[in-house]
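got a predicted structure here, sequence first:
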Amino acid sequence: MKINRQYRRLLSVLPLALTIFLAAPISVSAAAAAVLTSLKVMVNGKSIAFEAYNIQGSNYFKLREIACTISGTASQFSVGWDAQANAISLTRGQAYTLAGSEMSGKSTSNKSAQRTMSEVYLDGKKIYLTAYNIDGSNYFKLRDLGAALNFAVDWDGDAQIVSIVTPDSVDARFAMEQTFYNEVRANDGVLLWMDSYWYPVFKGNSSAANKMNAVYASEDQTANVDANDLLQSYYSKQGYTYEEANDGRVGGMQVTTSVTYNKDDIVSFLHDNEWDGLGPHGEVDFSGHTFNIATGDELKLTDVLKVNAANVSDILSKEFLSEYTIDDDMDSSLREASTLDIPFWLENDGVHIFYGPYTFYYAFGSREIVIPYSRADLIKEMFYKP
């Protein structure tokens with residue numbers, strides 16, 4: 001979708017309270033029917049094939065497969081087995097050690113399940129969770145595990161999808177926050193200009209979060225500059241005075257941020273920058289940032305497209321002219337704008353590249369081109385999709 005779009009804010013679904021379900025101690029009971037489920041399960045946005053069963057109306061998942069899948073996340077936990085004490089031990093924060101049978105393939109038939117007789121300890125304290133033993137493996141209710149081990153479980157009834165979300169996933173790290181606000185008033189107190197800045201803030205003190213936050217902090221150009229000086233400088237460049245330009249009007253900037261791509265730890269943010277009152281007309285501009293949220297590194301155009309400093313102008317200009325017609329005297333402006341620093345972001349349909357409202361002249365407007373992921377001649381292997 002190009003330029004005109006509705007933005008959806010990414011909302012976290014994580015309940016971070018650690019609630020342990022208390023129940024009566026487990027006792028021996030008759031076998032229960034375990035019906036193989038066909039639910040689609042997403043873990044932090046990735047589809048994972050679990051062996052799961054519905055037992056008496058609740059979905060049960062193999063304990064070691066859950067531990068294996070979320071190992072390395074903020075919700076990771078180890079699984080220990082004490083045969084002499086007939087006890088299962090879960091330790092939060094420890095990486096899971098593979099036993100060898102995890103994710104070895106799904107069963108194709110229903111099973112018979114027996115209530116688990118083993119005691120369960122969480123960080124050394126006994127807890128009571130409903131569990132069943134199927135073919136020698138222990139299966140627990142997914143929501144019980146989530147409450148005990150600090151990950152969220154969400155159910156999309158329309159799509160028939162179960163989602164597991166750990167606190168360090170992009171859903172938890174990303175929050176829409178107003179991080180900068182400034183205003184300019186005349187001596188008589190009349191509001192002349194205001195700046196309301198919105199951009200993503202990554203929570204936590206990890207090196208990845210700090211690196212991504214630093215990218216946005218470096219762009220907050222008015223944070224350490226006197227606003228009056230900034231405005232005076234802007235208007236003088238336009239050929240008129242600060243007072244003439246404002247003429248009593250209120251101007252400002254609003255930045256709306258949306259997530260346009262979120263796959264395999266690559267997340268792309270689109271920023272809709274709307275200016276008003278800073279000159280003879282308003283302005284709408286777009287910018288984007290794309291990160292590897294596992295490392296915090298920002299992706300450059302060269303990480304996505306097969307371009308370099310020597311050929312980028314030729315390649316992008318050719319793509320632009322395949323979609324738009326321009327006058328001959330605009331060709332030099334096109335080539336000057338087609339650099340490695342041009343604004344871009346990722347969406348599900350391809351790489352979006354933006355030519356701003358002043359690339360040519362204001363009346364011509366902004367333009368956007370899309371390079372599909374199927375373009376083997378231009379798309380890097382990591383993003384190529386035939």
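Sure, I can see it. Numbers count the residues shown, from 1 in each chain.

helices of this structure, residue ranges please.
Ranges of helices within the chain are 63-70, 142-149, 170-173, 207-217, 227-238, 242-246, 301-304, 312-321, 331-337, based on DSSP state H.

pLDDT (mean, whole number) over the longest one?
The average pLDDT for helix 227-238 rounds to 51.

can you check the first one too?
When pLDDT is averaged along helix 63-70, the result is 93.

cool, the second one as well?
pLDDT averaged over helix 142-149 equals 88, rounded to a whole number.

need the helices of the chain in a markdown table (columns: distance to residue 94 and mean neighbour count).
All C-beta spots, glycine's among them, are computed from the backbone N, C-alpha and C. Below are the helices of the chain laid out as a markdown table (distance: least, Cβ to Cβ, whole Å; neighbours: other Cβ atoms under 10 Å):
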| stretch | distance to residue 94 | mean neighbour count |
| --- | --- | --- |
| helix 63-70 | 10 | 22 |
| helix 142-149 | 11 | 21 |
| helix 170-173 | 20 | 22 |
| helix 207-217 | 21 | 16 |
| helix 227-238 | 51 | 14 |
| helix 242-246 | 60 | 16 |
| helix 301-304 | 34 | 17 |
| helix 312-321 | 47 | 17 |
| helix 331-337 | 52 | 15 |
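
so which of those helices gets nearest residue 264?
Each of those has some distance to residue 264 by Cβ to Cβ; the shortest is helix 170-173, at 11.0 Å.

quick check: mean pLDDT across that closest one?
Rounded mean pLDDT across helix 170-173 is 64.

so where's the stretch 51-200 of the chain uncertain?
Scanning the stretch 51-200 of the chain for pLDDT under 70 picks out 104-106, 171-200.

mind doing that once more with 80?
Where the stretch 51-200 of the chain drops to pLDDT under 80, the residues are 99-108, 154-159, 167-200.

could you tell me the end-to-end distance of stretch 94-102?
17 Å (Cα to Cα, to the nearest Å).

circling back to that earlier point, out of the helices of the chain, which is closest to residue 348?
Using Cβ to Cβ, the helices of the chain put helix 301-304 closest to residue 348, at 14.1 Å.

name the surrounding residues that touch that closest one.
290, 307-308, 312, 340-342, 344, 346, 351, 379-380, 382-383 (Cβ atoms under 8 Å, 6 or more residues apart in numbering).

give me the buried subset of these.
290, 307, 312, 342, 344, 346, 351, 379, 383 (16 or more other Cβ atoms under 10 Å).

now intersect those residues with the strands, please.
Counted as lying in strands by DSSP state E, out of those, are 290, 344, 346, 351.

that older thread, now the buried ones among the contacts of helix 301-304 in TSV, please, with extra columns for distance to residue 51.
Listed next are the buried ones among the contacts of helix 301-304 as TSV, based on distance: Cβ to Cβ, whole Å:
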residue	distance to residue 51
290	35
307	45
312	48
342	47
344	41
346	34
351	38
379	36
383	32
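
quick check, nearest of those residues to residue 111?
If you rank the buried ones among the contacts of helix 301-304 by distance to residue 111 using Cβ to Cβ, residue 383 comes first, at 41.0 Å.

check contacts around that closest one.
So residue 383 contacts 304, 346, 351, 373 (Cβ under 8 Å, 6+ apart).

can you give me the buried ones in stretch 350-358?
Of all the residues in stretch 350-358, those buried under the rule 16+ other Cβ under 10 Å are 350-357.

and residue 381, how many neighbours?
For residue 381, the count of nearby residues is 7 (other Cβ atoms under 10 Å).

now it: how far from residue 267?
Distance, residue 381 to residue 267, by Cβ to Cβ, to the nearest Å: 20 Å.

likewise residue 57?
Applying Cβ to Cβ, the value for residue 57 to residue 267 is 36 Å.

how near is residue 212 to residue 383?
To residue 383, residue 212 is 20 Å away according to Cβ to Cβ.

show me which of the buried ones among the contacts of helix 301-304 is closest to residue 75.
residue 290 (26.0 Å).

wait, isn't that closest one in contact with residue 262?
No - Residue 290 is beyond contact range of residue 262, at 10.6 Å (criterion: Cβ atoms under 8 Å).

show me whatever sits in contact with both of the two.
Both residue 290 and residue 262 are contacted by residue 268, under the criterion Cβ under 8 Å, 6+ apart.

what's around the nearest residue to residue 141 once chain neighbours are set aside, how many residues?
Once flanking residues are discounted, residue 141 sits nearest to residue 58: 5.3 Å by Cβ to Cβ, 6 or more residues apart in numbering. Neighbours of residue 58 under the rule other Cβ under 10 Å: 14.

distance check, residue 58 against residue 69.
Residue 58 is 19 Å from residue 69, by Cβ to Cβ.

what pLDDT does residue 317 get?
We have a pLDDT of 96 for residue 317.

now residue 300
On pLDDT, residue 300 comes in at 97.

wait, it touches residue 339, no?
No - under the criterion of Cβ under 8 Å, residue 300 makes no contact with residue 339, lying 11.5 Å away.

about what we covered before: more neighbours: which of residue 57 and residue 267?
Applying other Cβ under 10 Å to residue 57 and residue 267 shows that residue 267 carries more neighbours, namely 24 against 5.

is it true that that one touches residue 294?
No - in terms of Cβ under 8 Å, residue 267 does not count as a neighbour of residue 294; the distance is 10.1 Å.

point out where the stretch 251-386 of the chain drops to low pLDDT.
Counting by pLDDT under 80, the stretch 251-386 of the chain contains low-confidence ranges at 251-259, 272-285, 361-363.

please repeat the previous calculation with a cut-off of 90.
251-287, 292-296, 327-329, 356-366 (pLDDT under 90).

so what's the residue nearest to residue 215 when sequence neighbours are not counted up against?
Nearest residue to residue 215, sequence neighbours excluded (Cβ to Cβ, 6+ apart): residue 298, at 5.6 Å. With Cβ under 8 Å, 6+ apart as the criterion, the residues that contact residue 298 are 211-212, 215, 289-291.

tell me the two of those that are most distant?
Spatial extent of the contacts of residue 298 (Cβ to Cβ) is set by the pair 211 and 290 at 13.3 Å.
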